[in-house]
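Q: Kindly generate the corresponding structure for this input.
(3 chains)
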Amino acid sequence: MRYLPLTDADRAQMLGAIGVASIDELFADVPESARLTRPLELPDHASEIEVARAIGELARKNLGTTATPSFLGAGAYRHHIPASVDHLIQRGEFLTSYTPYQPEISQGTLQVLFEFQTQVALLTGMEVANASMYDGATACGEAVLMARRVTRRGKAVLSGTLHPHYREVVETLSRFGRTEVESLDPDIRGSEDIAARIDQETACVVLQNPGVFGGLRDLAPIAEACHAAGALLVAVVTEVVSLGALEPPGAMGADIVAGEGQSLGNPMSFGGPTVGLLACRQKHVRQMPGRLCGETVDEEGRRGFVLTLATREQHIRREKATSNICTNSGLCALAFAIHLSLLGEEGLRRLAAHNHAAALELCERLSSLEGVELVNETFFNEFTIRLPGPAAELVERLAGVGILAGVPASRLYPHHPDLAPLLLVAATELTSEAEIEALVEGLAEVLR
Amino acid sequence: MTARAGLEGRSTGNRALMLEEPLIFEQDAPGRSGVDFAPLTLDEDRLGGLARRAPVGLPGLSEPEVVRHFTRLSQKNYGIDSGLFPLGSCTMKHNPRLNEKLARLEGLADLHPLQPASTVQGVLELFDQLSHWLSTLTGMPALALSPGAGAHGELCGMMTIRTALEDRGDARKRVLVPESAHGTNPATAAALGYEVDALPANARGRVDSAELKARLDSDVAALMITNPSTCGLFEDEIIEIAEAVHAVGGYVYLDGANFNALVGRVRPGDLGVDAMHINLHKTFSTPHGGGGPGSGPVALTAELSPFAPFPQLVHDETGFRLVEHGPEAAKSFGRLKGFHGQTGMFIRALAYMLSHGGDGLRQVSEDAVLAANYVLARTKDSLSPAFEGGCMHECLFDDTFLEGTGVTTHDFSKALIDEGYHPMTVYFPLVVHGALLVEPTESESKASLDLFIETLRTLAAKAKAGEEALFHEAPRHAPRRRLNETRAARHPRLRWRANAQAAAAE
Amino acid sequence: MNALKYTKDHEWVRIEGDVATIGISDYAQDQLGDVVHVELPEGGKAVARGDEAAVIESVKAASEIYAPLSGEVIEVNGALADDPSIVNSSPLDEGWFLKLRLSDPGELDGLLDEAAYEDFIAGLE
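A: Numbers count the residues shown, from 1 in each chain, chains lettered A, B, ... in the order given. A predicted model of the protein is given here:
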């Protein structure tokens, strides 16, 4: 076994030093009825060649998005990842280190987290951010629980612009966490009157921008309505690249921002692992879940970083912790931080512009097709079209010819037959003219 | 350029390979970027008047500067690749690079989670294979793959249990948790609205089964137990305990953090466990990455499986597909994570399992238990074991051996840093005074273990010989000396600010 | 100044008329180490004896402060928000936590005097 350094001679010597005759004696506390005496029905060990072949075969049974025209979005986006990102995150000192409990030998991870927290705060226009959550949906769920602790109120109002998976995660956490949730109907055009739903029991309003159907909204009036009623505005961002082009939620009055950071530095990887972003106002930081890295000095007065405000967390506060979260998304946060460092101000602004330009081009081409109706007035890199028939069927047919046309709304809203003709399509800096051409031709063909 | 004047007479602060590195924000040259995009001016936009008005405030750097920045930062970190990492309860074992390579394959890394099922049959088959391995190793038939880490798995398992109880109209009020448990256990139970009932340990460091039985009644929803416990001891009365919990209609939840001690030799399903999470980033070696991402699939009994979260994997005549909504899985407690789980970690964990095979995994737990017992046997006259007898995959010491030396557990752990080791887990579990929890894992050679043992013995001897200063001043050779955590907490500075750095240097 | 009374939870109480000033003992601040944060209740809040009235945090621990007596919170020590280290430097004086207007003076009988508290902590060593 290539991963196991002990030899049989070592093992014999070690058993001797311990003073037992066999390894079985070390398992003597296990009740006899639970000791496995026969080998499990699993294959024996395998070489690198064999394992690579087995997993490679599974990979080949999928239609990857790298060489396929792909217009899928709805919370996960195909973006270019600079080569140096993947190189740097595989440095063993990053890849194989633990949560930085020993700061003197973890300054690498800690400084990265400090930089990541700063980047997230800057992008979202907020004062502070934590060291990451599992993903955007769980960040959103935690944001709602956090709003409940801050306001000491028990109700959350979820906009119909919120990704239904995010809504479902909030509903799950809230149901067990004794928070009442009012979820509004799918809001295709961003026209719902959410301010009217706020009352004295409302802890927060949760609104996604760009919305799940792609539309954009000015959060400022909603933030005002929330604050007038003593509630918080939780803004959700599932496409973080949009913040290179759009007013950040913080500038529009959001109190907490929950986001998905996959678009920067992280492959889609069938939905995980990715990196949840959580940012808030400084005054609410003690109600924030998750790890926080802070600046301090060492005994010689040199700047250094430590995990701080740990008394909010489960390993100290146990049943009174703000959350049970322990491990977060450290390495994905690192990939995010490296990618954003490479981009810088200008790179991010240009990346966002290219995304919007690609979506404008896609929109123009699709709108020109007979039977295709654009739903959105506004969008960033993703929008919704209405087709003459069920979108899922068209998507399936196009997949058969190697085109991933988008996300049919029925995949997200199976209980809303009225949404079945809707298709969500996204374009990014990777969307080429040829891909758009392929989709337009393919769609024209199946609509004929 | 005025920079030259500012640099006159300045020392770098570097010490050979230990290189000081400013924040990325302190290396800004506006207009520079490490990614090339053509400038683009759009004649019109569809941003509805919401275009960003102010700059983000990000620094501009070229690629070589970014690569150097993060390379230098990485060199301030200790990883498993650097050396022995005996962090108890964390299972810091070797992370094979084959697994990294396979997780990055086209056809896996580039899959979108909402592709039509017909285009992702391979990855769904991978889910199925992973579930089969985990099911075989745990002796539990059903798997919920979506939890993002161990604590998320706990939420998943306990939500499943609560939903099953609610289904029979009996949500119950209390969850029993041993005092030695990870903090996530009581935090999880509390998040579900349960009252936490802390169970004391007996003199042998095990759950006091008599006390447990005395606390059992029809209000108890579950027992959350860790086995082996965080004391590194096998709960030898587990079967009897599980039977007692079941007898009052409660469930047994196993915190699977220490599964590395059992894999291939003991199936938790045979111990009476109803639900358990498996930390793929511990037992199955997906990298810890400086704090994640983890992955915490939950194994369930057939009885609990209908209540598992979405998505649920189904294999029928059309192939594999994911059930993401009712009514097909009407009893599911709902969704726990944005998409289907940590697929990238599933690939790595499956590659790890295929590489080891059933035979190799059994060898893993044997070597892990052997290594911990070897460390214990060879240091027990020098350090002070917390309990008599052997241990499982980790060995626990208290600070009796430091009594009267003026050296604390904290000091001792910092001295290990100067010797080139990552310290063991300290001050956990809470049930032992000044705890030192050592988990060497199966990844260490005997030579490596011998050197570590010698280091522990030498340090213990130095502490007893009155070389107090060596410990109090440690670490002296790390990139930083001890850091002022009080200052960090009293005046939290959680981000860089353009105009605040001068004040920070006061 | 009136003599301090103590509880076995390491709180001190100073009675002036029907108002009790409450803080933590020197022993408690020493055990906690550097205090980094104190969470105080809102003025006007009614607390019963044994209720959680405040939380005190050091770097690695958080402890609940339980109301030693029942009453209404009439004042909290705002200075602790800016400088929690006062709890370490002046636990019995400037580092006070809150003032209660007592609702049940009979509860005073349950408190320890200084000598009894000294004996109590001597027994903990």
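Q: Now A:M14. Nearest residue, chain neighbours left out?
A: Closest residue to A:M14 in three dimensions, ignoring its sequence neighbours and counting by CB to CB, 6 or more residues apart in numbering or on different chains: B:Y374, at 4.5 Å. All C-beta atoms are positioned from the backbone trio N, CA, C, and that covers glycine.
Q: Now do the contacts for that neighbour.
A: The neighbours of B:Y374, taking CB atoms under 8 Å, 6 or more residues apart in numbering or on different chains as the test, are A:14, A:17-18, B:449, B:453.
Q: From B:W496, how far out is B:P59?
A: Applying CB to CB, to the nearest Å, one obtains 10 Å for the distance of B:P59 from B:W496.
Q: Just the endpoints, please. Distance across stretch B:381-389?
A: End-to-end distance of stretch B:381-389: 13 Å, with CA to CA, to the nearest Å as the criterion.
Q: go on, stretch C:34-43?
A: Terminal residues of stretch C:34-43 are spaced 26 Å apart (CA to CA).
Q: So which bits of that stretch are buried?
A: Neighbour counts using 16 or more other CB atoms under 10 Å in any protein chain shown place C:34-41 of stretch C:34-43 among the buried residues.
Q: hmm, back to that, can you pull the residues that touch both of B:P59 and B:W496?
A: Both B:P59 and B:W496 are in contact with B:F25, where contact means CB under 8 Å, 6+ apart.
Q: Could you give the bridge partners of A:Q208?
A: Beta-bridge pairing of A:Q208, defined through DSSP bridges, involves A:V236.
Q: Show the model's pLDDT score for it.
A: Note on A:Q208: pLDDT of 98.
Q: which ones are touching the residue of the stretch 251-400 of chain A found nearest chain C?
A: For the stretch 251-400 of chain A, the residue closest to chain C is A:T311, as judged by CB to the nearest CB, at 4.1 Å. For A:T311, the contacting residues are A:317, C:36-37, C:57-62, taking CB under 8 Å, 6+ apart as the criterion.
Q: Am I right that A:L394 is in contact with A:A405?
A: Yes - contact criterion CB atoms under 8 Å: A:L394 and A:A405 qualify, at 6.7 Å.
Q: about what we covered before: could you dump the buried residues of stretch C:34-43 into a markdown table and include secondary structure, pLDDT and distance to B:G291?
A: Output for these, formatted as a markdown table (DSSP: H, G, I helix; E, B strand; the rest coil; pLDDT from 0 to 100; distance: CB to CB, whole Å):
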| residue | secondary structure | pLDDT | distance to B:G291 |
| --- | --- | --- | --- |
| C:D34 | coil | 93 | 25 |
| C:V35 | strand | 94 | 27 |
| C:V36 | strand | 93 | 22 |
| C:H37 | strand | 92 | 23 |
| C:V38 | strand | 93 | 29 |
| C:E39 | strand | 90 | 27 |
| C:L40 | coil | 92 | 32 |
| C:P41 | coil | 91 | 34 |
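Q: Looking at these, which two lie furthest apart in space?
A: Farthest apart among those by CB to CB are C:D34 and C:P41. That separation is 22.9 Å.
Q: Could you list every helix and strand that the helix of greatest length in chain C packs against?
A: When chain C is parsed with DSSP state H, its longest helix is helix C:114-122. Other elements packing on helix C:114-122 under the criterion 3 or more CB pairs under 8 Å, 6 or more residues apart in numbering or on different chains; DSSP states H and E are strand C:5-6.
Q: Can you list the strands that whichever helix or strand comes after the strand it packs on pairs with?
A: Taking DSSP states H and E as the definition, the helix or strand that follows strand C:5-6 towards the C-terminus is strand C:11-16. Strand C:11-16 has the following strand partners under DSSP bridges: strand C:5-6 (antiparallel), strand C:19-24 (antiparallel).
Q: Select, out of the ones you listed, the one closest to A:V112.
A: Judging the strands paired with strand C:11-16 by CB to CB, what sits closest to A:V112 is strand C:19-24, at 38.0 Å.
Q: Please identify the buried residues of that closest one?
A: Within strand C:19-24, the residues that qualify as buried by neighbour count (16+ other CB under 10 Å) are C:20-24.
Q: Identify, from the residues you listed, the entry nearest to A:I105.
A: Minimum distance to A:I105 across these is 35.0 Å, recorded for C:I24 (CB to CB).
Q: if I look at that closest one, how far off is C:L4?
A: According to CB to CB, C:I24 stands 11 Å off from C:L4.
Q: got any residues that touch both of those two?
A: With contacts taken as CB under 8 Å, 6+ apart, the residues that reach both C:I24 and C:L4 are C:W12.
Q: Could you check which residue of the stretch 51-200 of chain B lies nearest chain C?
A: For the stretch 51-200 of chain B and chain C, the shortest gap (CB to the nearest CB) falls at B:G183, measuring 11.8 Å.
Q: what helix or strand does residue 88 sit in?
A: I went with chain A, as the question did not name one. With DSSP H and E as criterion, A:L88 is part of helix A:83-89.
Q: should've been chain C
A: Using DSSP H and E, C:N88 sits within helix C:86-89.
Q: ok, what's across the strand from the residue nearest the centre of chain C?
A: Relative to the mean C-alpha position of chain C, the nearest C-alpha, by CA atoms, centre = their mean, is the one of C:G23, at 2.6 Å. Counting by DSSP bridges, C:G23 forms beta bridges with C:W12.
Q: So which bits of the helix or strand where B:V177 lies are buried?
A: Applying DSSP H and E as the criterion places B:V177 in strand B:174-178. The neighbour-count check on strand B:174-178 (16+ other CB under 10 Å) flags B:174-178 as buried.
Q: So which other helices or strands are in contact with that strand?
A: helix B:184-191, strand B:195-199, strand B:220-226.
Q: Reformat these as CSV; add mean pLDDT.
A: Compiled in CSV, these are given as follows (pLDDT from 0 to 100):
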stretch, mean pLDDT
helix B:184-191, 93
strand B:195-199, 95
strand B:220-226, 97
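Q: need the ones you listed in JSON lines with distance to chain A, can you?
A: Formatted as JSON lines, the entries for the helices and strands packed on strand B:174-178 read as follows, by distance: least, CB to the nearest CB, whole Å:
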{"stretch": "helix B:184-191", "distance to chain A": "4"}
{"stretch": "strand B:195-199", "distance to chain A": "4"}
{"stretch": "strand B:220-226", "distance to chain A": "11"}
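Q: could I get these as JSON lines with mean neighbour count?
A: Conversion of the helices and strands packed on strand B:174-178 to JSON lines gives the following (neighbours: other CB atoms under 10 Å in any protein chain shown):
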{"stretch": "helix B:184-191", "mean neighbour count": "27"}
{"stretch": "strand B:195-199", "mean neighbour count": "17"}
{"stretch": "strand B:220-226", "mean neighbour count": "26"}
